[in-house]
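Asker: Whatever this is, show me its structure:
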Amino acid sequence: MNNVPIFEHTDTGFKKPEKTHVLSDTDYSAALSTFVFACVDILVTTNEGIMLVKRKLKPGAGNLWFIGGRMAFGESVKEATARIFARETRLFVGPEKFKLVTIALTRWGDREQEPQNAGAHQVVFCHHVHLDQNMLCLMHFDQKEYESEGQVFIPNSAWAEKLTGSQLHPYVRNVILMVAK
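Answerer: Numbering: from 1, shown residues only. A predicted model of the protein is given here:
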C-alpha cells in the first residue's frame, strides 16, 4: 500500500466554525457547478475479505462502492474520515485506524442535485480500515443513500474474479488492488 503523505496547514487566525452553514438547493447546485469538492471514501477489509455497499444516489447510483461522503469546512482529512465512517455505519473507529491509500480526482457526468446532468467534480481522499469480521454485523447504513440489501461482502477467494470482471468501477477496482499489494 502506498504511503501517501498529507501536509495540512492551519493558519493561526483560522477558527473552525461551531456549526456549518447549510446552502439552499439553488446555491448548493451552483456550488457543485463551480467548485471541486473534497470527499473521503473508506474501503473496509477484514481477514476474510472486503465490504462494499451499493449506492442509491448519484453519482455512481447502482454501483458497488466504498462508504464515503463530503468533508465539512474546517475538518482535517482524518476528522472527516472518522466522522463520515461513524455517520454512515453507526460505528465509531478512531481516526488513527484509517490509512490513506490514494488521492483520486473523480469527474462524474451526473449528480443527485439539479441540474442532474451537470455532473460533479471531486478530490477524494481514499482510506482503508481493517476491522474484525464481527464488526461488519454491527454496521447500519442510511437507506436513503445505500440499497437496503446493498452491503456486499467479497471473500478473499473471490477478489480476483470480481476484480477482473466489469462488475466494479475502475476507481473501486484500482483502490482494492492497491490495498491487496
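Asker: going forward, measure contacts and count neighbours with C-alpha atoms only.
Answerer: OK.
Asker: T45 - how many residues pack around it?
Answerer: 24 (other Cα atoms under 10 Å).
Asker: following the biggest helix by length in the chain, which helix or strand comes up?
Answerer: Longest helix in the chain by number of residues (criterion: DSSP state H): helix 77-89. The element immediately downstream of helix 77-89 (helix or strand, assigned by DSSP states H and E) is strand 99-108.
Asker: so what strands line up beside that following strand?
Answerer: strand 120-130 (antiparallel) (DSSP bridges).
Asker: quick one: average pLDDT of the strand it pairs with?
Answerer: Across strand 120-130, the average pLDDT comes to 95.
Asker: dump the residue contacts of E48.
Answerer: By Cα atoms under 8 Å, 6 or more residues apart in numbering, the residues touching E48 are Q133, P155, N156.
Asker: now with 10 Å?
Answerer: For E48, the contacting residues are D132, Q133, F153, I154, P155, N156, S157, by Cα atoms under 10 Å, 6 or more residues apart in numbering.
Asker: returning to what we had before: output the contacting helices and strands for the longest helix of the chain.
Answerer: Helices and strands in packing contact with helix 77-89 are listed as strand 37-45, strand 67-70, strand 99-108, strand 120-130; criterion 3 or more Cα pairs under 10 Å, 6 or more residues apart in numbering; DSSP states H and E.
Asker: Restrict the first one to CA atoms and write it as PDB.
Answerer: The C-alpha coordinates for strand 37-45 follow below in PDB (Å, rounded to 0.1, in the frame of the first residue of the first chain):
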ATOM      1  CA  PHE A  37     -15.400  19.300  -3.600                       C
ATOM      2  CA  ALA A  38     -13.200  17.400  -1.100                       C
ATOM      3  CA  CYS A  39     -14.500  13.900  -0.200                       C
ATOM      4  CA  VAL A  40     -13.400  10.800   1.600                       C
ATOM      5  CA  ASP A  41     -14.000   7.200   0.700                       C
ATOM      6  CA  ILE A  42     -13.300   4.200   3.000                       C
ATOM      7  CA  LEU A  43     -12.500   0.700   1.900                       C
ATOM      8  CA  VAL A  44     -13.400  -1.800   4.700                       C
ATOM      9  CA  THR A  45     -11.500  -5.100   4.900                       C
END
